[in-house]
Every structure is written in structure tokens, then in C-alpha cells.
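Trainee: take this sequence and fold it.
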Amino acid sequence: MTVTAGILGATGAVGQRLIQLLEPHPDFELTVLTASDASAGHPFRDVAKWRIDAPIPDSIAEMTVRRTDPDVVPDDVDLLFSSLPSSVGERVEPAFCEAGYVVSSNSSNHRTASDVPLTIPEVNPDHLGVLEVQQDERGWEGALVKNPNCSTITMVPTLAALDSFGLERITVSTLQAVSGAGYSGVSSMEIIDNAIPHIGGEERKMEQEACKLLGTFDGAEIDWHGVDVAASCNRIPTLDGHLENVWVDTRESITPADARGAMQSYSSADLYSSPDPLVHVFDDDEPDRPQPRLDRLRGDGMAVTAGGFQGTADGVQYNCLAHNTIRGAAGASVLNGELLHSQGWL
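Mentor: Model (predicted):
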């Protein structure tokens, strides 16, 4: 069955990535684009400053943009993908859910709410079960699902692979691409010949979201993982691809070979956009990988890569990488949409 889909906030950077991924998707038919009131009523081509390195799809270019309002979005749309700013999403997304729409959102609002699933389909697909609680408690006919922050989603699949060793403490230092801040987020005078050792709110997101994602769902609520996570987030002058240095302390003894093997064997999901393998692992003879320019597009930008494994006193250290606007944003929302479809929520 083809799923009719729409994008809330279609003119922004993540909205454009969503268009790029959804327009050729075999299961989704993109029928609705929304944006600000200033853009509403105009063809998409005229109001979107297209930044993707491929032409606007012909089927999208002349589509008329609508206001981001449930009163003007057709009620026969099966699924809405949201790339709204969190300040807007916090207000607008619940209104769509109350009106009966299912929303797969990349926006940061509601990610840690107890009745909102924060989902990576290869890691915690069972967390979608909390949607029943959400609908009962909020009286919604629709539903709201979130994907995590782009830096969190880079790290967590590798941690999930190591969870059987008993995760006790995670320390991570990120080297994040400028696209993560949006097209106008960091000026060239700030970032060229520079690195910025602060990204507002990013550390807190990583520390909280990782524990929720790695937690367990008991049929009524999500019990967050007890691992201690400490993050330091840095902006560097790469265009795409977040590189992260991760230190993992485990309860059970673990070697670099153990960590590599666990990540190599970690399963992908039986979904169209889930790459196989989920984690591409580099051997010891390539200790300088992954690198953003060389590895961000593995698995069509949906794979995580890991390498540089070393033993530590209490565990292992390694580096991991993912494409922040594909796997870390638009692609993650699309994958959650596929999971919603496969589990019968649409």
C-alpha cells in the first residue's frame, strides 16, 4: 500500500533532504508541503532556496506550499514528516496529532517526554509501543514519534552493539559539521581556520537521549538506561558528517576485537532505508578511518562507520561517524516512518 505523505517545514535544510529521500521512495507518495505563512500559496520552486546538490524534482517544483496548519492539510494524508524549528514544533505538532495525523519528527521538542517514543528502528523499535499510552493519556487520534539528535544517532548504534558487555560510563567528544547548524547557522568568518568548542544545548541532548534510546519498554513506560554519559561538542569546518571520539567503560571485560566484532554483527532492520551493515567497521590497518569526506555517504548516507579501536583501563575507545543531515536527520525521520508503516500505525 502506498502511503500518502507530507512535510511540515519543507523549505528548510532538513525539509529539502526529506524531499530528496521521499520523492523516489517506493512506499511514500509526497502530496503536501507546508512552510511559513509567507511561503504559503506559492510554488515550492519560488520560495525554497534549494541547497541540495541535485535539482529540485520536477514533481515537487510546482507544488503549491500550504500553511503549517492542520485546518489546511488534507485529512487523507497518512503520515507527516516534521522538520520544524523546535519552538514551532512544540506548539504545532501536538495540534496535528490532536487532529488525527501521525507525525514523524526530527524537531527536538518532546524528545524526552515519557509518552513520546524516541526511536532508532535498528536499536529500539519496541519503544513505539508507548504510542498507546500517548494516545490514551493525551486523547489524540494521531501520534507523535521522534528521532534523536544528529550527534546522538551517530553514537548510539555503536553503543547498542556493546550493551551486552554492561555499559557503565560513556565519554564522547564530537567534531560536528557546519550543516548541523543550518545553512545560516555558522558564518564563514566564525568557522574557517577555526573550531568552536561549544554547541548550545548539544551536550545535554546527547547525555539524555542516549539513556532513553538504550532503555527498555515494559509495555507501559520506558525505563531509561542507567549508563553515565558525558559529552563535549565541537563545531569544525567540515560540510557534512559528524565525527565522534568515544570512550566506553564496561562492567565486563572487553577488548578492541570484541568491540569490532559486536558492531560488525549488529543487525540492521528489515526496512527499505536501513543499511546493511548498519555499522561499517574498519580494521586495524586503517586506524585513520572513518573520515567525514571519505565515509559520510556509506550506505547512501544511512550507515554509521567506526574505527580506530583501542583498549583502555576500563573498556575501549573508538571513533564513529555518520552523515548528520541524512542518517542524523531526514533519513532518520524517513526510517521511523517506515517503522510506523510496518507496525501498522498508519
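Trainee: so Asn245 belongs to a helix, correct?
Mentor: No: the assignment for Asn245 by DSSP: H, G, I helix; E, B strand; the rest coil gives strand, which leaves it out of any helix.
Trainee: which stretch of helix or strand covers Asn319?
Mentor: In this structure, Asn319 sits in strand 315-322 according to DSSP states H and E.
Trainee: also Val172?
Mentor: Per DSSP H and E: Val172 is located in strand 167-176.
Trainee: okay, angle between that strand and strand 315-322 too, please.
Mentor: Between the axes of strand 167-176 and strand 315-322, defined by axes from the mean of the first three to the mean of the last three C-alpha atoms, to 10 degrees, the angle is 40 degrees.
Trainee: packing partners for strand 167-176?
Mentor: With contacts defined as 3 or more C-beta pairs under 8 Å, 6 or more residues apart in numbering; DSSP states H and E, the packing partners of strand 167-176 are helix 150-162, helix 202-213, strand 228-235, strand 242-250. Bear in mind the C-beta positions are built from the backbone N, C-alpha and C, glycine included.
Trainee: now with 6 Å, please.
Mentor: Counting contacts by 3 or more C-beta pairs under 6 Å, 6 or more residues apart in numbering; DSSP states H and E, strand 167-176 is packed against strand 228-235, strand 242-250.
Trainee: wait, which of the ones you listed is closest to Leu33?
Mentor: Ranking the helices and strands packed on strand 167-176 by their distance to Leu33 (criterion: C-beta to C-beta) puts strand 242-250 first, at 27.4 Å.
Trainee: partner strands of the closest one, with direction?
Mentor: For strand 242-250, the paired strands and their directions (DSSP bridges) are strand 167-176 (antiparallel), strand 315-322 (antiparallel).
Trainee: contact partners for Val145?
Mentor: With contact set as C-beta atoms under 6 Å, 6 or more residues apart in numbering, Val145 has these partners: Ser104, Pro117, Thr119, Asn336.
Trainee: try it again with 7 Å
Mentor: By C-beta atoms under 7 Å, 6 or more residues apart in numbering, Val145 lies in contact with Ser104, Ser105, Pro117, Thr119, Leu128, Asn336, Leu340.
Trainee: which ones among the residues you listed map onto helices?
Mentor: Among those, the members falling in helices (DSSP state H) are Asn336, Leu340.
Trainee: Serialize the contacts of Val145 to TSV and add fields for distance to Gly200 and pLDDT.
Mentor: Conversion of these to TSV gives the following (distance: C-beta to C-beta, whole Å; pLDDT from 0 to 100):
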residue	distance to Gly200	pLDDT
Ser104	25	98
Ser105	20	98
Pro117	25	98
Thr119	25	98
Leu128	30	98
Asn336	25	98
Leu340	31	98
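Trainee: name the nearest of the contacts of Val145 relative to Val47.
Mentor: Nearest to Val47 among those, with distances taken as C-beta to C-beta, is Ser105, at 21.8 Å.
Trainee: once you drop chain neighbours, what's closest to that closest one?
Mentor: Ranked by C-beta to C-beta, 6 or more residues apart in numbering and with sequence neighbours excluded, the top spatial neighbour of Ser105 is Ser82, at 3.8 Å.
Trainee: avg pLDDT for the following helix or strand past the strand holding Val172?
Mentor: As assigned by DSSP H and E, the chain's next helix or strand after strand 167-176 is helix 188-191. With pLDDT averaged residue by residue, helix 188-191 scores 95.
Trainee: next, the buried residues of helix 188-191.
Mentor: For helix 188-191, the neighbour count (16 or more other C-beta atoms under 10 Å) marks Ile191 as buried.
Trainee: likewise for stretch 162-171?
Mentor: When burial is assessed from 16+ other C-beta under 10 Å, stretch 162-171 yields the following buried residues: Leu162, Phe165, Leu167, Ile170.
Trainee: and stretch 73-80, by the same measure?
Mentor: Under the neighbour-count criterion of 16+ other C-beta under 10 Å, stretch 73-80 has Val73, Val77, Asp78, Leu79, Leu80 buried.
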